Structure formats: structure tokens, C-alpha cells
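S.K.: pasting the sequence and the predicted model now:
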Amino acid sequence: MDTGLSLQATDFALFGLPERFAIDLAQLDAKWKQLQGAAHPDRFATETAAAQRVAMQWAIRINEAWRRLKDPLARAAYLCSLHGADIEAESNTSMPGAFLMQQMEWRDALSEATSLDAVDALSDEVAASRNATLKALQAQIDDAATVDWRAVAGIVRGLMFVDKFIRDIDRRVDSLE
Amino acid sequence: MALLQISEPGQAPDPHQRRIAVGIDLGTTHSLVAAVRHGVAECLPDDEGRVILPSAVRYLEGGGRQIGHDALAAQGEDAENTIVSAKRFMGRTLADVAGHGRLPYRFVDQPGMVGVRTRDGVKTAVEVSAEILATLRFRAEDTFDDDVHGAVITVPAYFDDAQRQATKDAAQLAGLNVLRLINEPTAAAIAYGLDQGVEGLYAVYDLGGGTFDVSLLRLARGVFEVVATGGDSALGGDDYDQRLASALLQRAGLAALEALTPRERRRVQTAARQAKEALSGVDEVSVSFEVDGVVHDLDVDRTEFDVATCELTATTLRLLKRVLRDARVSAEDVQGVVMVGGSTRMPVVREAVAKLFGRPPLTNLNPDEVVALGAAIQANALAGNATSGDLLLLDVTPLSLGLETMGGLVERVIERNSTIPAAKAQDFTTFKDGQTALAVHVVQGERELVSECRSLARFELRGIPPMVAGAARIRVTFQVDADGLLSVGAKELGSGVEAAIIVKPSYGLTDEQVAGMLKDGFATAESDMVVRSLREAQVDAERMILATESALAADGDLLAADERAAVDALVARVRAAARDASPGEGPRAIEAAVEALADGTEGFAAARMNRGIRDALAGKNVNDL
């Protein structure tokens, strides 16, 4: 029997996209809907249990890949792991001193912020910093002649801390509203 | 047996092959059933022409029941035995039900799910809901003079796993084949999207009798993508009644609602509900109720009502903003807001939503019917009656799912707003030398502490070979299916010891319990049940033959000659089993043949899927989008 793409294909291969950091989100979403249109279990509701099982596996795999590709951090981390530089988010927590200083300043600012406006201002600052780092990340991955994946993994680890901090800001907004 | 007709993909089967599929809105205060007839979804009326069935069940002397309008009418005189708003108790313990002291029931605090003592014994929300669902099923069967093939049942988007499981149990108890559970706001969006042709980013604000949901969807030609969802499964129009009732009692200088007798409480609440409904049309109404033999007459205006309930409205707006934040969009990005649920008739709610979005909300479809209509459209598609490719639902899981880790903390495995179906595996290890078992505690919720989340299930993985601490690799896999229901498995990887366990949430009923209740509850003679199950198996066998033959017609070229012959033999076996079955033997032989067909076509199914995926990537199905 003909087997082409498998469930083990990379996220990029599954979506027919080049293996790079920059991604066209509109195109990604359109592909996602196309793929789910072919694989979603609802499409196989009247078919055999075998067809439904296969549909479920593929629909899950497509959603997993889509979720990873659309999130820049998850996508960067995935590219790192494809190139043998795992993020090791749990075990590797060493960060440059300047980065840690910045984190401490932000955390202090959050604990001192008592108004929604103050939290919003901090939120904007963090978002701007995150965007700048993502831009740098894209240059390092897509534009460099040879990519230093270990260095990229280090940046991704740092951004994971930033995202965690953004979630803390969101929680704070929740409690202030 | 009828001659089998092979329908081409994308082509609707013959009318006589159509399967009756219904959409059911199982609501807190009322329920509806709808179906697609002549290409249009419509709500089915009872024999008096009423489409709404009050979600009320009264248990009578001698084991009889009144369901719907009759039960509601008797509520004042027999509050203890007349259960309304049972949806609030679905998959809940007594401690979960806020304000249960204000309700006129004799609650039984039992593990799993709270019960209510009636003159016919203790009833849970599952049994009460099954009565309502069965009533609607009979209504549909009378309408079509045919068996109902299956139903899509709607649940609040913010229902957790226990509440979803309980709803599915109730449907099973009512003898309904559940094609899918879908979220109420998503169902409403289907009705709006198809009926009104809306496209773009839309919010659905769904305030029902007892639940509040808000979903943000991206709509585009038949694709309904839920971006984020939120809500409160214990906030609804009932709460507005209670707040107004409390305010009225206070103004009349009377004791609080909790201090009244059940009958007085019911009267004050009914008066408050009537005042609330009237205030949607006029600015001021007079209210009259009797407490302690004294009749109290009061005037209440819209301002007093708005003030008494402002906290509730504010809560809905806060949840709405959180959904926008989750989706990382602002109110200006939203093209329109669809209002769903009878409680959105309140002007104060419409005004508050209009103010937040800077535009009036959409109210052009009947807010009571729109959910059932959307469910009917999806049911029709799932039953294979609609042309394929014109409807795709991509929904999300409303609450994060996780595991208890050391120190009573939650490790999230699947984040809220993940598109379903979804699965994720997380690796854990042992923390003691020689540890041979690991306790797995599955929880649902957004809080960091296990104690503040809902506990869904606990199980143990045993037989881990003794190793030093940290050497075992235990992979726990979470899977959320297209109904939003969770199953969890665990296995130890390093040693090859495989002990995958699928858990049912602790609030769900076991299959045996459901079977037992089915036998006691629904007055179906056992011989009828055998005949029915045999006929269902035959219909299922026919369906599988049809599905396989149409798959062979479309993609038979994927099979080598010997593979093809094997599939043909399996089909012939199913056909023979269905033909030769007798009531004495029951459905087992047919089921075995169908199972063999499913197992024997797994490779074919995988190859077809492969082709479908490649075609989709090549953009061949672009017209479907």
C-alpha cells in the first residue's frame, strides 16, 4: 500500500512549509483548516471504527503541529531540537547576568504596580522587549550562514522566562479588573 | 434486507436512506429538539404546538412522572418532588452547588453526584435529565414516525469533564446514540454563520438560565473555529431572579430568602422571575407575593433591578474580557457579538455588551432556539445526510487539564483553549529508591494548587520494576476527544512494562450502572431491548458495509489484489452475519464481524487518510474551505 506522509513527519513537512523560523501565519491557518478538513473525526462519523481511529490520530497530530508552529517560541524550540540542540527547559536554568537583572527589575515593577495603568505600561514594555528578541532570533536562524543552535536555544530559554512573566502579568490584570 | 445503495462521496443518500438525526439543547430552564427537514433546521413542536419543553420533572405517587409544562405548573404545590434546573447539579457534589440552602429540595450528599430525595426515591441530575431527553426523543420519533439514529447534544462551553460525562450518561440512559457533544455557543455560531452568512471574528455571549458562556469564533465559509472560550457554569438568569427576590424581601422588611419555607421561597422567586421578564418590555412593574399569610405589593423599576443584579452583569463582562485577552485580541477586532440564551433579553445585559464593543449586539435569531438549530445542522452532517465538506467545527477545551505533583501543585498537561481533539504526553519519574507504584491524580482548572482545582480521577500505575529514584520513565498521556472528554493513560517506558490505564472521571457512571438504570427506569421490556439492540446492530452493519464500499469505490486503487480480496471477504462476513442473525443469539455475531472489518481495514483507512492529507496539502479541497 502507498504510504506517503506519516504521523512521524516533522511539523513543517506535515504542513508543507519550509523549515525556517519566519512563517506566514495566515498561510499556516489556511493549511491547518485544509488538513483538518481532510482528517477531522467529524468527517468520518459514519465510517468504520478503523477510519475513526485513524482520523482521531491525524486530527490530534495536525493540531499538535499547528499549535507548535503558530507559537514563535515553541517553533524556535522545535527547530532547535530538530537540529540536535534541545532546550532542556527544566534542567538548564543558567542565564546571563544582564538577563537576570532585567527579570528582577520587571518582577519588582510588577509587585509595586497597584493600578491597571501601571500594569499595562509594564505589559507594553515587556511585549516590546519580547518582540525585539524575536526579531533577533529570526535573523540568527533564517539569515545566518551557519546557525549556532546552542546560542539560539539559550535565547529561547530566556524567552520562556519572559512568557512566564507575561502570564503572571495577565493574572495580575485578572485580579485588578 | 434492503438492497444497498452506494452513494458517491459528496452526494446525499436517498431520502429513504436518510437517518433521523436531531439536535438537542438540554437547558437549565428549558430544552428543545430540532432537526433538519427539507434542508432547513427547525425546532420540533409537541402535539400542542409548543417547541419549548420546561426542564422540569415531577415524581408522582405510584412511580409516574410529569415532565415539562405539567411539572412546572405543579411546582408551587409540590416543590420537593418537582425538580427544576437539574442542570445545575450535573456532575456536582452538594458542596459544589452554591446557594443550595435557598432551594426547596431534600438534598442527599452522596459521593460522585448530589441526589435529591423525592417520593420516588433519590434522583440525580443524570436521571432527571434522562427523563427530559427521552421526552424529546419520543417527540422526534412521533414527528418522523421513525427511530432516531442519533443526537447532537449541546453543553455549556464551560462545562468541565465531569459535567460533560454526566450529560453523555443521561443521553445513554434515555436511549439516545450521542453523535457528538458540542458547545452551546458553537452551536449558536453554526446557526448564525449558515443562516445569516456572517464571516470574520465573532463573539458569542450566551447567558442561559443557569450557565454563562462566552466564545470567540472565527467564521469563514463553513469553518467554525473557536479561538477561545470562557464562562461560569453556575451563573445564569436564575441568579438574576434570586438577586431581585432578595432585594424585594429586604425592601419589604422581611427575612432573607433562606429563612422562608420552601413554598414561600418558590412564590417570591416566581414573582421575581415574572418581574424580571416584564422589565424587559416596560420600565416599571408591580410585584405581589405572600409571606406569612400577608400579601406584599411592591413596585419595582428597571433601575432597582439593574442595581440589584449589577454584580452578575459585571462578572459576565469580566469573563468576556478574559476571553479577549486569552485570544490576544481587543474589543475593536471583533466584528459582531451574537446574543444567545433567554437571559440576553434583559436590556441591562444588552446595553452592557453594546457598551463594551461599541456596537449593538446581534439578536436577529430567536435566542431560545438558536442553539438547538445549530445542533440539528451538525447532527444532520454527522449522520451523513448533508453533502460532505460543507461544515467543519474546530472547538477548544475550556479548562486546563493537569496532574498533581509533589507538594499539592498542579502540572498542566493540556492548556485551556487547546483545539480538540488533542493529546499530550508528559514524562514523570519516581522519587524514592525501589518505588514500584505511582499515584496519578488528574485535575482540571486554572489554579496552581490541586486543592483549588476539580479532581477528575485518581488511579495507580503498579508493577514498576524497582529502580533507584529518578530512573523510571513514566509517560502519562492525556487525550481529549472531539466531544471534549478526557482519557488518561500511564506507562513505564524504560523497562518495557506497559500498563496503560484509561480512566473514566470519578463523576461518570460505569456502563453497568447505566445499564441497570436503563432497565429500571425506562419501562422497556427486556425482550424489546433485545430486539432493539439486534436491529441497531443490523443498521450499524449496513452502515459499515456502505461506508466500506464507498471507500473502495473512491480509493480501491490503493489496495493490491490480495488486500482487496481480504477486505471483500470481511464485508461478505458482515453481510452474512447481519442476514443470519436471530433474536435468540442477540447482536454479538454481527458486532464481532463489524469489529473484524474495522480491524482488517485499519491499513486501508491509514492509506486513504494519507491520500486525503496529501490532496489537502496540494489544495485539492480548496473549495471545501
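M.R.: The structure has been received and is ready for your questions.

S.K.: quick one: strands adjacent to the helix or strand harbouring B:Lys123?
M.R.: Assessed by DSSP states H and E, B:Lys123 sits inside strand B:121-124. Paired neighbours of strand B:121-124 in the sheet (DSSP bridges): strand B:115-118 (antiparallel).

S.K.: chain center to the strand it pairs with: distance?
M.R.: Centroid displacement of strand B:115-118 relative to its chain, using C-alpha atoms, centre = their mean, to the nearest Å, is 23 Å.

S.K.: what residues of that strand count as buried?
M.R.: Neighbour-count burial for strand B:115-118 flags B:115-116, B:118 (criterion: 16 or more other C-beta atoms under 10 Å in any protein chain shown). Backbone N, C-alpha and C define where each C-beta goes, glycine included.

S.K.: and the helices in the stretch 251-400 of chain B, which stretches?
M.R.: Under the criterion DSSP state H, counting those that start in this stretch, the stretch 251-400 of chain B contains helices at B:262-279, B:302-326, B:347-357, B:370-382.

S.K.: rewinding a little: would a markdown table of the buried residues of strand B:115-118 with pLDDT and distance to B:Leu373 be doable?
M.R.: A markdown table is the format used below for these (pLDDT from 0 to 100; distance: C-beta to C-beta, whole Å):
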| residue | pLDDT | distance to B:Leu373 |
| --- | --- | --- |
| B:Gly115 | 93 | 34 |
| B:Val116 | 95 | 32 |
| B:Thr118 | 94 | 33 |
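
S.K.: can you point out the buried residues in the biggest helix by length in chain A?
M.R.: Using DSSP state H to define each element, chain A has its longest helix at helix A:149-176. By neighbour count on 16+ other C-beta under 10 Å, the buried set for helix A:149-176 is A:149, A:152-163, A:165, A:169, A:172-173.

S.K.: of the residues you listed, list those near chain B.
M.R.: The subset of the buried residues of helix A:149-176 within reach of chain B, by C-beta under 8 Å from any C-beta of the partner chain, is A:Val173.

S.K.: how about the strands in the stretch 401-550 of chain B?
M.R.: With DSSP state E, counting those that start in this stretch as the criterion, the stretch 401-550 of chain B has strands at B:401-405, B:409-414, B:422-428, B:438-444, B:454-461, B:474-480, B:486-492.

S.K.: of all the ones you listed, which one is nearest chain A?
M.R.: Across the strands of the stretch 401-550 of chain B, chain A has its closest neighbour in strand B:422-428 (4.6 Å, C-beta to the nearest C-beta).

S.K.: neighbouring strands - and their directions - for the closest one?
M.R.: Under the rule (DSSP bridges), strand B:422-428 has strand B:474-480 (antiparallel) as partners.

S.K.: how many residues are close by residue 70?
M.R.: Here I'm looking at chain A. Residues lying near A:Lys70 (other C-beta atoms under 10 Å in any protein chain shown) number 14.

S.K.: switch to chain B, that's the one I care about
M.R.: Residues within reach of B:Asp70, counting by other C-beta under 10 Å, total 13.

S.K.: surely it and B:Val57 touch.
M.R.: No - applying C-beta atoms under 8 Å as the test, B:Asp70 and B:Val57 come out as separate, 10.1 Å apart.

S.K.: need the pLDDT of residue 72.
M.R.: No chain specified, so I'll use chain A. Looking at A:Pro72, its pLDDT stands at 94.

S.K.: not quite, go with chain B.
M.R.: Value for B:Leu72, per-residue pLDDT: 91.

S.K.: picking up where we left off before, tabulate the strands of the stretch 401-550 of chain B (TSV), appending mean neighbour count, mean pLDDT and distance to B:Thr82.
M.R.: Below are the strands of the stretch 401-550 of chain B laid out as TSV (neighbours: other C-beta atoms under 10 Å in any protein chain shown; pLDDT from 0 to 100; distance: least, C-beta to C-beta, whole Å):
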stretch	mean neighbour count	mean pLDDT	distance to B:Thr82
strand B:401-405	21	91	37
strand B:409-414	18	92	40
strand B:422-428	17	91	41
strand B:438-444	20	89	32
strand B:454-461	18	84	29
strand B:474-480	19	91	36
strand B:486-492	22	87	34
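
S.K.: just to revisit the earlier point, chain center to the longest helix of chain A: distance?
M.R.: 11 Å.

S.K.: would you mind listing the buried residues in the strand or helix carrying B:Ala554?
M.R.: If you go by DSSP H and E, B:Ala554 is part of helix B:526-555. Using 16+ other C-beta under 10 Å as the test for burial, helix B:526-555 gives B:533-534, B:537-538, B:540-552, B:555.

S.K.: report all helices and strands that it contacts.
M.R.: helix B:511-521, helix B:561-580, helix B:588-600, helix B:602-617 (3 or more C-beta pairs under 8 Å, 6 or more residues apart in numbering or on different chains; DSSP states H and E).
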